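In: give me the fold of what follows.
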Amino acid sequence: MGTRAVIGRDGDVRPSHSAPPIRTVSFERGDGAAAAVLRAVRTQGPVTRDRLPQATGLSAATVNRQLQTLDRLGLVRERPDLIAPGAIGRPKVPLMLDRDRFCVIAIHIGARSTLLMVADLGGRPLQTAAMSTPSGPAGPALALIARRAAVVADSFTQRIALWAGAAVGGQVHSDGSVDHAQLGWCRAPVGQALEDELGLPVSVSPHVQAMAAAELLLAGDPNTSGVDLLFYVRETVGLATTIDGRVRDRPGNIGHLPVSAPLLTGAPQSTLQDVVGRKVFDDAVAAGADAAELLDERARVLGEMVALVRDLINPDRVVLAGQVFAEHPHGLAPVQSAFDGATSLPTIELSPPRFGARVQEGAAVVVSLGALYADPIGALQNHTA
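Out: Okay, the predicted model is just below:
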């Protein structure tokens with residue numbers, strides 16, 4: 001993918017050789033009129049024009065102006081084939097998101113494995129490939145990931161790629177570089193490596209924030225008021241907060257929290273990060289510990305940790321994502337029990353992510369779509385030739 005396609009102000013598609021920007025992304029529903037109209041069409045479509053003012057809170061004139069622009073850019077389209085048969089009077093033509101013209105490239109870089117995807121503008125994965133996350137220096141590792149992403153993207157030559165997004169663990173800097181302790185990366189140029197290979201605008205985000213954004217933007221839930229907490233525990237641990245329709249820009253750090261898990265670590269006190277890794281569990285089993293008892297202890301530690309943070313923030317909803325939460329034979333029940341025993345507030349039900357085991361996919365896809373959803377016209381027209 002040596003060149004990229006851009007959308008001109010006239011709606012025409014043409015190649016561009018200019019250097020696209022690399023950016024972190026702020027996940028929000030978007031307050032602009034175009035974002036509101038696109039969101040309503042995307043989440044409620046097929047929908048007729050007369051229903052959009054009520055769905056968006058905008059006037060009919062404003063809705064029609066936004067639809068004209070979104071149609072010119074190729075983001076929405078009329079579907080006369082969906083008109084109800086036998087309608088009396090002038091038929092109302094349904095509108096839908098155009099899922100066939102464009103695509104985005106989505107990447108989730110994990111401590112052990114990396115997902116590479118092509119998705120449509122509704123967030124639906126069209127193709128998914130997996131690879132082991134390369135070890136060794138960041139430069140060659142990222143070059144390999146970017147080349148593999150380009151191979152996946154090139155299989156969709158009939159679509160126009162608009163954006164690339166990467167969700168990754170660790171700390172993400174404003175220039176798209178990443179510090180990742182488990183991979184040994186310091187200022188690894190994730191965004192630059194993808195831009196060099198794909199020739200697209202690139203967004204990079206901490207993956208836990210991106211998982212929270214997937215819950216917010218891709219799940220189709222119109223109720224976005226209040227505060228949500230999302231905990232992620234796999235090889236790494238993390239916390240993200242969503243407040244009234246916006247994911248907080250700075251993710252929380254909970255890996256250093258002190259916990260007591262002597263069966264797992266052999267020490268009277270450890271950190272949360274110490275007890276969640278697969279190696280710690282496997283080493284304890286190899287040393288003769290009973291696997292069922294280890295799973296019980298880890299569930300207790302996780303439930304008490306979630307209760308501690310929940311009591312500090314008092315959110316409306318708590319979501320638990322990541323393989324470690326789901327590995328117990330009884331699912332979330334032991335974590336819920338430990339949470340109920342440790343919280344000082346009225347108990348609430350802990351929820352799995354809406355994407356289930358596909359939460360990494362949702363995280364990667366929403367990074368590549370976040371800028372478009374927040375400001376669809378600006379996201380396209382800011383990169384005109």
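In: could you list the low-pLDDT ranges of the stretch 151-300 of the chain?
Out: For the stretch 151-300 of the chain, applying pLDDT under 70 flags the ranges 220-224.
In: now the end-to-end length of stretch 69-78.
Out: 13 Å (C-alpha to C-alpha, to the nearest Å).
In: in that stretch, what's buried?
Out: Along stretch 69-78, these residues count as buried under the neighbour rule (16 or more other C-beta atoms under 10 Å): Thr69, Leu70, Arg72, Leu73, Gly74, Leu75, Val76, Arg77, Glu78. The C-beta positions use only the backbone N, C-alpha and C, and glycine is treated the same way.
In: can you list contacts of that stretch?
Out: If you take C-beta atoms under 8 Å, 6 or more residues apart in numbering as the criterion, stretch 69-78 is touched by 7, 10-11, 13, 34, 37-38, 41, 67, 93-98, 101-102, 121, 376-377, 380.
In: do that again at 10 Å, thanks
Out: With contacts defined as C-beta atoms under 10 Å, 6 or more residues apart in numbering, stretch 69-78 is touched by 7-13, 33-34, 37-38, 41-42, 45-49, 66-68, 93-102, 121, 160, 162, 372, 376-377, 379-381.
In: is there a quick ChimeraX command that grabs whichever of those are buried?
Out: Restricted to buried positions by 16+ other C-beta under 10 Å, the ChimeraX selection for the contacts of stretch 69-78 reads:
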select :7,8,33,34,37,38,41,42,45,47,49,66,67,94,95,96,97,98,99,101,102,121,162,372,376,377,379,380
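In: filter the contacts of stretch 69-78 down to the ones in helices?
Out: Members of the contacts of stretch 69-78 lying in helices (criterion: DSSP state H): 33-34, 37-38, 41-42, 66-68, 372, 376-377, 379-381.
In: quick one: the helix or strand where Gln54 lies to chain centroid distance?
Out: Taking DSSP states H and E as the criterion, Gln54 maps to helix 52-56. Relative to the chain's own centre, helix 52-56 is displaced by 26 Å; criterion: C-alpha atoms, centre = their mean, to the nearest Å.
In: would you map the helices across the stretch 101-250 of the chain?
Out: 138-154, 190-198, 207-217 (DSSP state H, counting those that start in this stretch).
In: and Ala130, which of those is closest to it?
Out: Nearest of these to Ala130, taken as C-beta to C-beta: helix 138-154 at 9.8 Å.
In: and that closest one, what does it pack onto?
Out: Using 3 or more C-beta pairs under 10 Å, 6 or more residues apart in numbering; DSSP states H and E, the elements in contact with helix 138-154 are strand 102-109, strand 113-119, strand 125-132, strand 160-168, strand 178-180, strand 185-188, helix 190-198.
In: just put those in a markdown table and tack on distance to Pro346.
Out: Shown next, in a markdown table, are the helices and strands packed on helix 138-154 (distance: least, C-beta to C-beta, whole Å):
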| stretch | distance to Pro346 |
| --- | --- |
| strand 102-109 | 35 |
| strand 113-119 | 38 |
| strand 125-132 | 38 |
| strand 160-168 | 33 |
| strand 178-180 | 38 |
| strand 185-188 | 42 |
| helix 190-198 | 42 |
